[in-house]
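S.K.: Using only what follows, build the 3D model:
(one chain, ligands or ions: 2)
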Amino acid sequence: MVVILEKNISSEQVDKIIHTLESYGFQVHKSVGVEKTILGAIGVQPDFDTRKVKILDGVADVYRVTTPYKLTSRNFHEENSLIKIKDVEIGGNQIALIAGPCSIENEDQIFRLAKIVADSGAKILRGGAFKPRTSPYSFQGLGEEGLKLIRAAADEFNLLVITEVMQIDHIDLIGKYTDIFQVGARNMQNFALIKELGKVDKPVMLKRGIAATIEEWLMSAEYILSNGNRKVLLCERGIRTFETYTRNTFDLSAIPVVHKKSHLPVIADPSHATGIRDQVPPMARAAIAAGADGIMIEIHDDPENALSDGPQALLPNTFLKLVDELKLIAQAIGRKI
Ligand code: PEP
Ligand code: MN
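M.R.: Ligands and ions are numbered 1, 2, ... in the order given. Next up, the predicted model:
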């Protein structure tokens, strides 16, 4: 931690600040410049609240140089983490393709769409059985019936399943059917839930909260890792800004930022990020170019009658064409889809 002191501070005040820092367990190094005195405080604990120093008399500014997350940080694990799920590996050269409907609606629908997902070469089928809907009057998902359907459809086409878990008492139930747990944007800081997911032996894809900073997102990942589960995927799905032409603002810069800060794979979700069908392909292409380790896309063959998120679902043909384009982009940056 670097502590910049105010100009014209008395030496008694400097000593007092040093003494306080030492009482917090820091080793302090002082450098006196012509204009300013700067203190280097070594030994900051991950949970240290820098505001305790910011409020001291005579302190102008405080900068943290170490991150508050440890296991999530690239300093802890220099190589990219590879998350292996059956015969699929995420985080390496191969880019993971995840696709499927927003919600599992009925047997016919999920089987038809699973076939398209398999035809595209994707290995992971998405679909929600427990849906976090803004309105309590909207379709809430088929529950366990939906889980059974998505598992059967995935097995039929040799796909893995990813589906959302919203509450602790559903973890065991959903765990019986899914290969990857999805934590939705609205639950990124549901600490009770993510702590429990730290105790399961299945990968967790943690979506970025709608108003979460990258640091908050990585701190949530830290909850899962520090509770024992090292199989965490991060998912950028757009954040809330003042812009209204898109459902959210797709923060593509989060991809290289997270890659620098963390060893965890980053999946991009251009469907929820934009919310409008014709904006999905360009942003999917951009996400691959930006280095995403995977891409998750919502599809539907009858979007007008979809029970959720129809307007952002790609039609099967558009999706298949997009996958061909994504393959070319991946190849251009030395990766594979
Ligand atoms: C979803 O993937 O269907 C979903 C609800 O996503 P998010 O949590 O990003 O809104
Ligand atoms: Mn959706």
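
S.K.: how is the chain carved up into domains?
M.R.: Annotated domains of the chain cover 2-63, 83-332 [automatic domain parsing].

S.K.: so who does the residue in the stretch 1-150 of the chain positioned nearest to ligand 2 touch?
M.R.: Closest to ligand 2 within the stretch 1-150 of the chain is residue 102: 3.3 Å, counting by C-beta to the ion. All C-beta spots, glycine's among them, are computed from the backbone N, C-alpha and C. Residues near residue 102 by C-beta atoms under 8 Å, 6 or more residues apart in numbering: 127-128, 131, 271, 298, 300, 306-310, 312-313.

S.K.: tell me which parts of the chain are close to ligand 2?
M.R.: Residues of the chain lying near ligand 2 by C-beta under 5 Å from the ion: 102, 309.

S.K.: ok, which stretches of the chain are strands?
M.R.: Along the chain, counting by DSSP state E, strands occupy 2-5, 27-32, 37-42, 59-63, 83-85, 88-90, 96-100, 124-126, 160-164, 180-183, 204-207, 232-236, 266-268, 294-298.

S.K.: from the chain's centre, how far out does stretch 17-33 sit?
M.R.: How far stretch 17-33 lies from its chain's middle: 37 Å, per C-alpha atoms, centre = their mean, to the nearest Å.

S.K.: repeat for stretch 241-258
M.R.: The answer for stretch 241-258 is 13 Å, by C-alpha atoms, centre = their mean.

S.K.: hang on, the earlier thing: next, find the distance separating the residue of the stretch 1-150 of the chain closest to ligand 2 from ligand 1.
M.R.: 5 Å (C-beta to the nearest ligand atom, to the nearest Å).

S.K.: who's residue 232 bridged to?
M.R.: Beta bridges link residue 232 to residue 204 when assigned by DSSP bridges.

S.K.: where exactly do the helices run in this structure?
M.R.: All helices of the chain, identified by DSSP state H, fall at 11-23, 51-54, 107-120, 144-156, 171-175, 191-197, 214-226, 254-261, 270-274, 280-289, 316-332.

S.K.: what's the most buried one of those?
M.R.: With neighbours taken as mean count of other C-beta atoms under 10 Å, the helices of the chain reach their highest mean count in helix 270-274, at a mean of 26.

S.K.: Now do that one: everything it contacts.
M.R.: For helix 270-274, contacts defined as C-beta under 8 Å, 6+ apart pick out 102, 185, 236-238, 246-250, 279-280, 283-284, 286-287, 295-298, 309, 312-314.

S.K.: could you give the mean pLDDT of that helix?
M.R.: For helix 270-274, mean pLDDT rounds to 97.

S.K.: And stretch 41-56, by the same measure?
M.R.: On average, the pLDDT along stretch 41-56 is 90.

S.K.: Going by neighbour count, list what's buried in that stretch.
M.R.: Using 16 or more other C-beta atoms under 10 Å as the test for burial, stretch 41-56 gives 41, 44, 48, 53, 56.

S.K.: Report how many residues lie close to residue 294.
M.R.: Using other C-beta atoms under 10 Å, residue 294 has 28 other residues around it.

S.K.: Hmm, I typed the wrong one, I wanted residue 166.
M.R.: Neighbour number of residue 166 under other C-beta under 10 Å is 18.

S.K.: Next to ligand 1, which bits of the stretch 51-200 of the chain? Give me the list.
M.R.: The stretch 51-200 of the chain comes close to ligand 1 at residues 102, 128, 132, 184, 185, 186, as judged by C-beta under 6 Å from any ligand atom.

S.K.: right, and residue 261 touches residue 67 too?
M.R.: Yes: between residue 261 and residue 67 there is a contact under C-beta atoms under 8 Å: 6.9 Å.

S.K.: Narrow the residues of the stretch 51-200 of the chain next to ligand 1 to just the buried residues.
M.R.: Buried subset of these (neighbour count, 16+ other C-beta under 10 Å): 102, 128, 184, 185.

S.K.: Mind picking the one among these that's closest to residue 331?
M.R.: residue 102 (29.6 Å; C-beta to C-beta).

S.K.: can you tell me how far the closest one sits from residue 155?
M.R.: Distance, residue 102 to residue 155, using C-beta to C-beta, to the nearest Å: 21 Å.
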